[in-house]
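Engineer: pasting the sequence and the predicted model now:
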Amino acid sequence: MKIRDKRKIILWVIPVPVLIIMAVILLTKKGADQSPVTESVVYDVSIVQDEDGALAGGETIALASTDITPPLEQPASDTPAQDEVVRNIPDSIWKEAFELYGKTCDAKETVEAVMPQVTELAGSDEETDAYLKALNDLFSYWDGVNEKGFVSRSIPEDLQDDGSLCIVILGYALTPSGEVRDELICRLDAGMEAAAKYPNAWVLVTGGGTALFDPSVKEADKMAEYLIQKGLDPSRLIVENDSMTTSENAIYSEKVLRTAYPDVRDIMIVTSDYHVPMACQIFEGWFIMNDSDLEVISNYACDPGNPTVFRISDQVFWMEELLR
């Protein structure tokens, strides 16, 4: 073969591999440019509802982005919320404390007696403080309800006359046929006086089916009828007609108020004079045990001429009823 022919072959053979290599490099670069730099992150977008519950815009939107960094989760707090803290006090400690109070009738002695258990139970200083505060608040109040002068025989002055105040009138057992007894009328008339004094306050009546021959007749329903006949605006009335005891009065009333009347904060208890200390203690005790923002701030007693006397042991019994 001539030298000139060899040169031609070389000129053709050498460029071909070079061209192939260059083509491979270009294709590789193009493919790399089309690959995602980071994995696409999909976020859920909140669905906004209008007042009727319909979806605003009628669509759910999913947002994909390569530029947005997902929000970091906030670390869980080591300190329990205050409402969880107090509710974590076991019923056994409350029960022991109630029984101790029945023997000592002294808040300080009672709290000191259960303090070792409370300290052992608590997982932090904050929990210890919360437990002790709840115990001190409850038993200090209990001391107060049994002091002379606690029962108010006149309507309290200077309460906030707005929707934050609720006048709670406690029921009294109906006759076997379902009629209102004189003592209940006494309580209702006192409640009307308080309602007139505070015309912007709510009025809650509480009591269930205590008619022996017709349990479907409820104390609270009868009470509401009486108050309306006496001129109370029905729009002010709150009716709790399931409870059968003073303890249940407190439990169910608190549930109704916290469910449907969030603006209510202050409670005035209206009941018979002999019943005021126990009723106030049960209501305020229940609020404290459940970290409710409700508070018994006053009472107004009627005098039905009933010689009944409740002892501390009776108060203990009904406080323990709250635990069942």
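Structural biologist: Cool, got the structure. Numbers count the residues shown, from 1 in each chain.
Engineer: helices of the protein, residue ranges please.
Structural biologist: 3-13, 15-34, 82-87, 91-104, 107-121, 125-145, 182-197, 219-229, 246-260, 276-289, 312-321 (DSSP state H).
Engineer: list the helices and strands the last one packs on?
Structural biologist: Looking back up the chat, that one is helix 312-321. Judged by 3 or more Cβ pairs under 8 Å, 6 or more residues apart in numbering; DSSP states H and E, helix 312-321 is in contact with helix 91-104, helix 246-260, helix 276-289. Bear in mind the C-beta positions are built from the backbone N, C-alpha and C, glycine included.
Engineer: next, give phi and psi for the closest residue to residue 175 other than its chain neighbours.
Structural biologist: Once flanking residues are discounted, residue 175 sits nearest to residue 181: 6.2 Å by Cβ to Cβ, 6 or more residues apart in numbering. Backbone torsions for residue 181, taken as degrees, to the nearest 10, come to phi -80, psi 160.
Engineer: relative to residue 140, how far out is residue 181?
Structural biologist: Using Cβ to Cβ, to the nearest Å, residue 181 is found at 35 Å from residue 140.
Engineer: quick one: closest of the helices of the chain to residue 174.
Structural biologist: Of all the helices of the chain, it is helix 219-229 that lies closest to residue 174, at 5.9 Å by Cβ to Cβ.
Engineer: can you check what angle separates the closest one from helix 182-197?
Structural biologist: With axes from the mean of the first three to the mean of the last three Cα atoms, to 10 degrees defining the directions, helix 219-229 sits at 50 degrees from helix 182-197.
Engineer: among the helices and strands packed on helix 312-321, show me which one is buried the most.
Structural biologist: Of all the helices and strands packed on helix 312-321, helix 276-289 carries the top mean neighbour count, a mean of 24, counting by mean count of other Cβ atoms under 10 Å.
Engineer: return the distance of it from the chain's centre.
Structural biologist: 17 Å (Cα atoms, centre = their mean, to the nearest Å).
Engineer: where does this protein dip in pLDDT?
Structural biologist: 1-85, 87 (pLDDT under 70).
Engineer: follow-up on the earlier one: to residue 156, which of the helices and strands packed on helix 312-321 lies closest?
Structural biologist: Of all those, helix 276-289 comes closest under Cβ to Cβ, at 12.2 Å.
Engineer: now the closest one and helix 91-104, what's the angle there?
Structural biologist: Using the same axes, to 10 degrees, helix 276-289 lies at 150 degrees relative to helix 91-104.
Engineer: circling back to that earlier point, okay, the helices and strands packed on helix 312-321 in CSV with distance to residue 117 next?
Structural biologist: Output for the helices and strands packed on helix 312-321, formatted as CSV (distance: least, Cβ to Cβ, whole Å):
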stretch, distance to residue 117
helix 91-104, 6
helix 246-260, 24
helix 276-289, 16
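Engineer: dump the helices of the chain into a markdown table; add distance to residue 298 as well.
Structural biologist: Output for those, formatted as a markdown table (distance: least, Cβ to Cβ, whole Å):
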| stretch | distance to residue 298 |
| --- | --- |
| helix 3-13 | 109 |
| helix 15-34 | 76 |
| helix 82-87 | 24 |
| helix 91-104 | 23 |
| helix 107-121 | 21 |
| helix 125-145 | 12 |
| helix 182-197 | 9 |
| helix 219-229 | 19 |
| helix 246-260 | 16 |
| helix 276-289 | 9 |
| helix 312-321 | 19 |
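Engineer: nearest to residue 205, of those helices?
Structural biologist: Among the helices of the chain, helix 219-229 sits nearest to residue 205 (Cβ to Cβ), with 4.0 Å.
Engineer: surely residue 254 and residue 295 touch.
Structural biologist: No: between residue 254 and residue 295 there is no contact, the gap being 11.1 Å when judged by Cβ atoms under 8 Å.
Engineer: find the residues that touch each one of these two.
Structural biologist: Shared contacts of residue 254 and residue 295, defined by Cβ atoms under 8 Å, 6 or more residues apart in numbering, comprise residue 287.
Engineer: break this protein into its domains for me.
Structural biologist: 82-145, 165-311 (automatic domain parsing).
Engineer: what is the end-to-end distance of the last one?
Structural biologist: In this case it means domain 165-311. 30 Å (Cα to Cα, to the nearest Å).
Engineer: quick one: residues contacting residue 243.
Structural biologist: 171, 206, 207, 208, 249, 251, 252, 253.
Engineer: and residue 279, what does it touch?
Structural biologist: Residue 279 sits in contact with 170, 246, 249, 269, 271, 299, where contact means Cβ under 8 Å, 6+ apart.
Engineer: go through stretch 118-125 and flag the buried ones.
Structural biologist: 118, 122 (16 or more other Cβ atoms under 10 Å).
Engineer: find the nearest non-adjacent residue to residue 156, please.
Structural biologist: Per Cβ to Cβ, 6+ apart, closest to residue 156 is residue 298, 4.0 Å.
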